[in-house]
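> Any chance you could fold what I've pasted below:
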Amino acid sequence: MRRLLWPFALVLAGGLFLVPWSARGPERAPEPEFVPPDQELAMKRQLLQKDVRLTDELCRNQCLSDFRHTVLELESFSASRIEQALREWQSKHPQMKRLIWFSGREAAISVGDTDERIRRLTEVELNEAKQRALRGETYMSGPLESDGERYFVLGVPAPSGESSLIGVVHQQILRKVADHQNKNLRIVPYPADHRWKIESVDSDTLRDVKVEHPEDNEGTSHYHINEVVVKFRKLPTDAEMEKIRADIDATLVRKLDHTYVFQSSHMEMKELVDYFRKWDIEYAEPHYLYLTNTIIPPIPADDAGIRTQAENGADLDDGADAGKSADAGGIVQPNDALYAKYQWNLPIIETEAGWKISTGGDVPVGIVDTGVDPEHPDLKDHLQPGYNVLDTSASPADDVGHGTHVAGVVAAVVNNSLGIAGMTWVNPVIPVKVLDDTGAGSTYGVAQGIIWAADHGAKVINLSLGNYADANFLHDAIRYAFDKDVIIVAASGNDNTSQPGYPAAYPEVLAVAATDENKNRASFSNYGDYIDVAAPGVGIASTYPGNQYAALSGTSMASPHVAALAALIRSVNPTLKNTEVMDIIRQTAEDLGPPGKDPYFGYGQIDVAKALRSAKMSGRTLADLPHRLSREYELIKARYARK
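As a prediction, this is how the structure comes out:
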């Protein structure tokens with residue numbers, strides 16, 4: 001029975017050489033225990049609600065931390081400087097709808113505004129926050145809802161007890177996360193978006209498929225109705241191009257090397273494919289889409305029970321227990337405010353022990369995605385100039401959230417007492433925007449982004465996106481980057497299917513499945529013989545646009561863990577080829593599931609410390625050999641002397 005699938009390109013997801021690298025292939029794996037579609041949908045909805053709840057906690061914790069630090073600063077300022085500082089802070093944190101600075105019982109300064117509806121909604125809680133602050137108590141309200149939007153009130157007293165900061169926080173991020181995860185986890189089908197002229201096609205037969213239910217998406221890929229991708233063996237002459245334009249009444253022609261995207265005003269894809277067969281071509285294929293739809297569901301009703309500071313006291317904190325340097329076990333724990341409580345994903349793959357070996361280096365990671373928020377305080381210092389494929393005159397800023405979340409897993413600033421910790425402490429990120437504000441993009445855009453990243457210094461490329469169509473055009477771009485010694489990592493997909501997904505199933509790519517906090521396969525994670533390794537992908541806390549943090553689930557979140565590990569390995573040993581790095585990651589993974597390589601975890605869950613130790617050992621050169629042999633000989637002699 002067909003399963004819930006998505007064209008999982010989100011838009012709005014190593015003893016070396018144990019087996020020959022080139023032997024991999026996208027063979028179908030046996031199905032796991034059958035789960036009825038309705039039950040699978042229910043499981044995904046539960047996971048969505050968990051992500052929303054975790055995001056609520058992240059939002060509350062980070063706001064509490066921000067308020068405490070801001071109160072310390074403001075108490076030493078003059079009145080005019082306080083107002084200026086609050087306005088500047090609000091401009092960087094648009095979720096802070098209203099900020100009030102109290103001196104004693106009087107509201108000395110107020111910035112921002114709320115409409116009458118929100119003022120009535122928050123009036124009682126604002127007064128409660130004021131009274132608590134006068135008693136030297138921190139206050140955080142429960143959720144306040146109006147017209148489907150979520151708010152809460154937060155009040156923090158200054159240490160002197162003479163002033164306090166109270167605010168109204170708009171948790172719009174919860175709706176965005178719910179929307180995002182409906183697409184990411186394929187809880188909704190993909191109808192044709194009004195901004196795209198598209199149809200769906202069976203990826204194996206190219207027969208049209210009508211998609212009316214999420215279950216109908218299995219094995220289907222979306223394409224532009226009136227477009228075709230053509231790769232010529234020999235570039236057409238100007239005269240031949242004019243004939244093509246006239247024959248198909250072309251309204252759009254785009255070119256990348258020998259490959260063109262043609263758009264016709266009246267011919268559909270199959271007609272266009274037939275037309276180009278008479279030319280000297282390598283292939284003519286549909287112009288596939290990478291997209292999600294834009295249905296925005298209500299926030300799950302059972303979220304009303306989210307824990308608050310008022311209900312649980314110290315359960316919400318600002319990371320006071322974080323910041324341990326190295327313990328007796330030789331691990332490093334950073335002081336980032338959300339790390340200790342929420343980032344289970346890094347200790348479980350031995351990242352803390354790995355940091356004792358290396359925290360990274362100058363190895364850029366290309367994030368080919370929805371862009372990255374250029375002003376996020378936990379990311380901006382690690383961003384290099386990027387590229388916007390959709391609008392070359394614009395910056396690759398993120399207007400969806402997915403790319404910013406992926407980037408945070410790789411390179412959020414560590415030990416800045418803020419937010420989360422990335423897996424690499426210093427590795428730069430190159431943002432490449434290939435998906436638009438609806439979460440939609442095309443094969444051409446993704447291929448162009450991969451090529452641009454490879455040409456502009458990326459040593460690792462992360463692709464938390466995909467489709468179920470084996471597109472020659474995309475594979476050409478993958479091979480181009482691979483031939484430039486780039487390590488390419490991709491998410492396998494969130495549909496609990498053995499249907500090979502691309503680009504993950506290409507042999508040049510490290511395909512990543514997702515695991516949970518118990519080292520089990522995530523229920524949504526795709527599987528198959530093409531899976532290389534697994535990484536954490538459930539409830540992953542990371543950066544989000546607007547100076548915020550969110551928890552998301554998906555193989556889109558698992559993939560950047562592996563990309564970050566590849567960057568760490570190359571930081572330890574820059575001499576390793578991409579195939580060598582890939583094999584180190586495979587052969588040092590922690591074997592999970594059936595013994596040996598299996599369709600669900602590949603070689604297993606990545607082990608950062610073990611991989612970095614292997615990379616370090618692999619870095620020894622032939623020049624070291626005489627010394628090493630001499631040292632080993634001396635050790636052997638000493639051992640026998642003791643006997």
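> for the stretch 151-300 of the chain, what spans make up the helices?
172-184, 238-248, 269-276 (DSSP state H, counting those that start in this stretch).
> Show me what the last one is packed up against.
For helix 269-276, the elements it packs on are strand 220-232, helix 238-248, strand 259-264, strand 281-290, judged by 3 or more Cβ pairs under 8 Å, 6 or more residues apart in numbering; DSSP states H and E. Quick note: C-beta positions are derived from backbone N, CA and C, even for glycine.
> deepest of the helices of the stretch 151-300 of the chain, which one?
Stretch with highest mean neighbour count among those: helix 172-184 (a mean of 24; mean count of other Cβ atoms under 10 Å).
> Distance to Gly457 and mean pLDDT added to the helices of the stretch 151-300 of the chain, as CSV?
Formatted as CSV, the helices of the stretch 151-300 of the chain follow (distance: least, Cβ to Cβ, whole Å; pLDDT from 0 to 100):
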stretch, distance to Gly457, mean pLDDT
helix 172-184, 29, 77
helix 238-248, 33, 96
helix 269-276, 35, 94
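> Can I get these in a markdown table including distance to His456?
Shown next, in a markdown table, are the helices of the stretch 151-300 of the chain (distance: least, Cβ to Cβ, whole Å):
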| stretch | distance to His456 |
| --- | --- |
| helix 172-184 | 28 |
| helix 238-248 | 29 |
| helix 269-276 | 32 |
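> neighbours around Glu57, how many?
Around Glu57 there are 20 other residues, counting by other Cβ atoms under 10 Å.
> what's the answer for Val168, then?
Quick note: Val168 (other Cβ under 10 Å) scores 26 neighbours.
> show me the contacts for it.
Residues near Val168 by Cβ atoms under 8 Å, 6 or more residues apart in numbering: Met96, Lys97, Arg98, Gly112, Thr114, Ile118, Thr122, Leu126, Tyr151, Phe152, Val153.
> Including distance to Ser523 and secondary structure, could those go into TSV?
Formatted as TSV, these follow (distance: Cβ to Cβ, whole Å; DSSP: H, G, I helix; E, B strand; the rest coil):
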residue	distance to Ser523	secondary structure
Met96	36	strand
Lys97	37	strand
Arg98	41	strand
Gly112	42	strand
Thr114	40	coil
Ile118	38	helix
Thr122	39	helix
Leu126	42	helix
Tyr151	33	strand
Phe152	31	strand
Val153	37	strand
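> of those, buried ones?
Among these, those buried by neighbour count (16 or more other Cβ atoms under 10 Å) are Met96, Lys97, Arg98, Gly112, Ile118, Thr122, Leu126, Tyr151, Phe152, Val153.
> Taking the residues you listed, tell me the two that lie furthest apart.
Using Cβ to Cβ, these span at most 15.0 Å, a distance reached by Gly112 and Phe152.
> pull the CA atoms of stretch 474-491 into CSV?
In CSV, the C-alpha atoms belonging to stretch 474-491 read as follows (Å, rounded to 0.1, in the frame of the first residue of the first chain):
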residue,chain,number,x,y,z
LEU,A,474,20.4,17.2,-11.0
HIS,A,475,22.7,14.3,-11.2
ASP,A,476,25.0,16.2,-13.6
ALA,A,477,25.3,19.0,-11.0
ILE,A,478,26.0,16.4,-8.2
ARG,A,479,28.7,14.8,-10.3
TYR,A,480,30.2,18.2,-11.1
ALA,A,481,30.6,19.1,-7.4
PHE,A,482,31.8,15.6,-6.5
ASP,A,483,34.5,15.8,-9.2
LYS,A,484,35.7,19.0,-7.5
ASP,A,485,36.2,16.9,-4.3
VAL,A,486,33.2,18.3,-2.5
ILE,A,487,31.5,16.0,0.1
ILE,A,488,27.7,16.0,-0.6
VAL,A,489,25.2,15.1,2.1
ALA,A,490,21.5,14.7,1.6
ALA,A,491,18.4,13.9,3.6
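> average pLDDT across it?
Across stretch 474-491, pLDDT averages out at 97.
> ok, now stretch 606-613?
Per-residue pLDDT over stretch 606-613 has a mean of 98.
> Likewise for stretch 49-57?
Average pLDDT, stretch 49-57: 89.
> And it, what's buried?
The neighbour-count check on stretch 49-57 (16+ other Cβ under 10 Å) flags Gln49, Lys50, Asp51, Val52, Arg53, Leu54, Thr55, Asp56, Glu57 as buried.
> tell me which of these is nearest to Arg521?
When the buried residues of stretch 49-57 are compared for distance to Arg521 (Cβ to Cβ), Lys50 wins out at 16.8 Å.
> Identify the residues contacting that closest one.
By Cβ under 8 Å, 6+ apart, the contact set of Lys50 is Gly539, Ala551, Ser553.
> The last one - how many residues pack around it?
Per other Cβ under 10 Å, the neighbour tally for Ser553 reads 29.
> Look up the closest residue to it, ignoring the ones flanking it.
Computed as Cβ to Cβ, 6 or more residues apart in numbering, the closest residue to Ser553 that is not its neighbour in sequence is Val538, at 4.8 Å.
> My read is that that neighbour contacts Gln46, right?
No. Contact criterion Cβ atoms under 8 Å: Val538 and Gln46 do not qualify, at 11.4 Å.
> of the two, who's got more company?
Here Val538 and Gln46 are compared on neighbour count by other Cβ under 10 Å; more neighbours surround Val538, at 26 against 13.
> So the nearest residue to Asp249 once chain neighbours are set aside versus Tyr223, what's the distance?
Distances taken as Cβ to Cβ, 6+ apart put Ser265 closest to Asp249, at 4.5 Å, once the chain neighbours are dropped. Look at Ser265 and Tyr223: by Cβ to Cβ, to the nearest Å, they are 17 Å apart.
> So, low pLDDT: which residues of the stretch 1-150 of the chain?
Scanning the stretch 1-150 of the chain for pLDDT under 70 picks out 1-37, 107.
> which stretches of it form strands?
Shown for the stretch 1-150 of the chain, the strands assigned by DSSP state E, counting those that start in this stretch span residues 96-103, 106-112, 139-140, 144-146, 149-157.
> how distant is the shortest one from the center of its chain?
Here strand 139-140 is found 31 Å from its chain centre; the criterion is Cα atoms, centre = their mean, to the nearest Å.
> For it, which helices and strands make contact with it?
For strand 139-140, the helices and strands in contact under the criterion 3+ Cβ pairs under 8 Å, 6+ apart are helix 116-134, strand 149-157, helix 309-312.
> quick one: which of the ones you listed is nearest Gly361?
strand 149-157 (39.0 Å).
> Counting by contacts, list what the closest one packs against.
When contacts are defined as 3+ Cβ pairs under 8 Å, 6+ apart, strand 149-157 packs onto helix 37-74, helix 116-134, strand 139-140, strand 144-146, strand 163-170, helix 172-184.
> C-alpha coordinates for it, PDB please?
Provided in PDB are the C-alpha atoms of strand 149-157 (Å, rounded to 0.1, in the frame of the first residue of the first chain):
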ATOM      1  CA  GLU A 149      -2.500  33.600  17.600                       C
ATOM      2  CA  ARG A 150      -0.500  32.800  20.700                       C
ATOM      3  CA  TYR A 151       1.000  35.300  23.200                       C
ATOM      4  CA  PHE A 152       2.400  35.300  26.700                       C
ATOM      5  CA  VAL A 153       3.500  37.900  29.300                       C
ATOM      6  CA  LEU A 154       6.900  37.900  30.900                       C
ATOM      7  CA  GLY A 155       8.200  40.100  33.800                       C
ATOM      8  CA  VAL A 156      11.700  40.200  35.200                       C
ATOM      9  CA  PRO A 157      12.800  42.400  38.100                       C
END
